[in-house]
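>>> Predicted structure and sequence below. I'll ask about it afterward.
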Amino acid sequence: MQTAAGVGSLQLRPLFGGALSAVIPYNITDVSEVREIPDNQEVFAHPHTDQSLIVELLEYQAQVADQDAARYHFEDIAGSNKAQEPGAFEVGNVVALPEGEVSLSECSSAWMLNGTQCVSKFNEDARNTVAIHLGLFRLPQFSTDILITFNDPQSISPDSSSASAAETHRDPWTVEDFQSTLKSLTLHNPGLFG
């Protein structure tokens, strides 16, 4: 998927030591090379924007019905982002990903959620509006929910540490790139889940 300018190129990338793989935008910074990342996460940042892509292995939430699980994880992220007050987050839509469109055949269901959260970075007072695109793959047989989150800032406060990145939106990732990541996620080694 290469355009004349080289923008929009995607590459198959091993995740979690090759136990999983997915097509990821080519122009990424592996955040683990910059700072410590929890073992249950793979975190990638766009080199010129404030966009990020996070692949996360989470405990399967058996008490949450499949159709509510994406919202459950979105609200959990809102709590982590300190974006729980009224108006600080909104779910746009939640849709089931058709089985035939997903490479991860081991999942019992797959979901995509689009929403927004007003968040501050590094506990700053400045709040940024971020579109959050979330993909959820439920694997009850491995007691795991796999969450893929694409954070796409829409409005950056001039007082935010992200303000300089807001002015350099070169080659931003797209929702289509994110959907390619979701559709291509593949499990190679179930030993990843213990």
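Structure received.

>>> got a list of what Pro140 touches?
60, 62, 108 (C-beta atoms under 8 Å, 6 or more residues apart in numbering). Quick note: C-beta positions are derived from backbone N, CA and C, even for glycine.

>>> now Leu182
Applying C-beta under 8 Å, 6+ apart, the residues near Leu182 are 22, 97, 102, 110, 112, 135, 148.

>>> that older thread, and which of the contacts of Pro140 is nearest to Ser184?
Ser108 (18.8 Å; C-beta to C-beta).

>>> quick one, what contacts that closest one?
Counted by C-beta under 8 Å, 6+ apart, Ser108 has contacts 66, 138-141.

>>> Now do the same for it: its pLDDT.
Note for Ser108: predicted pLDDT of 96.

>>> Kindly list the main-chain dihedrals of it?
Backbone torsions of Ser108, given as degrees, to the nearest 10, read phi -80, psi -30.

>>> going forward can the numbers begin at 593, since that is how I track them
With the count now opening at 593, the last piece we talked about shows up as Ser700.

>>> Would you quantify the distance from it to Lys775?
Here the criterion is C-beta to C-beta, to the nearest Å. By it, Ser700 lies 17 Å from Lys775.

>>> go on, Phe742?
For Phe742, the distance to Lys775 - C-beta to C-beta - is 13 Å.

>>> ok, these two, which is more surrounded?
Phe742 (25 against 17; other C-beta atoms under 10 Å).

>>> Check for me that the more buried one belongs to a strand.
Yes. According to DSSP: H, G, I helix; E, B strand; the rest coil, Phe742 belongs to a strand.

>>> Bridge partners for the closest residue to Leu602 other than its chain neighbours, pull those for me.
Residue nearest to Leu602 in three dimensions, not counting chain neighbours: Val615, with 4.5 Å by C-beta to C-beta, 6 or more residues apart in numbering. Beta-bridge partners for Val615, by DSSP bridges, are Leu604.

>>> Count the neighbours of Val615 for me.
Counted with other C-beta under 10 Å, the neighbours of Val615 add up to 19.

>>> thought it was touching Thr773?
Yes. The criterion here is C-beta atoms under 8 Å, and Val615 meets it with Thr773 at 5.8 Å.

>>> For the strand or helix carrying Asp737, output the C-alpha coordinates as PDB.
Using DSSP states H and E, Asp737 sits in strand 736-747. Taking only C-alpha atoms (Å, rounded to 0.1, in the frame of the first residue of the first chain), the coordinates of strand 736-747 have been written out as PDB:
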ATOM      1  CA  THR A 736      -7.600 -12.100  27.500                       C
ATOM      2  CA  ASP A 737      -9.100  -9.000  25.900                       C
ATOM      3  CA  ILE A 738      -6.800  -7.500  23.200                       C
ATOM      4  CA  LEU A 739      -7.200  -3.800  22.900                       C
ATOM      5  CA  ILE A 740      -5.800  -1.700  20.100                       C
ATOM      6  CA  THR A 741      -6.200   2.000  20.600                       C
ATOM      7  CA  PHE A 742      -5.500   4.800  18.000                       C
ATOM      8  CA  ASN A 743      -5.300   8.200  19.700                       C
ATOM      9  CA  ASP A 744      -5.800  11.000  17.200                       C
ATOM     10  CA  PRO A 745      -5.700  14.500  18.700                       C
ATOM     11  CA  GLN A 746      -8.300  16.800  17.200                       C
ATOM     12  CA  SER A 747      -7.800  20.000  19.200                       C
END
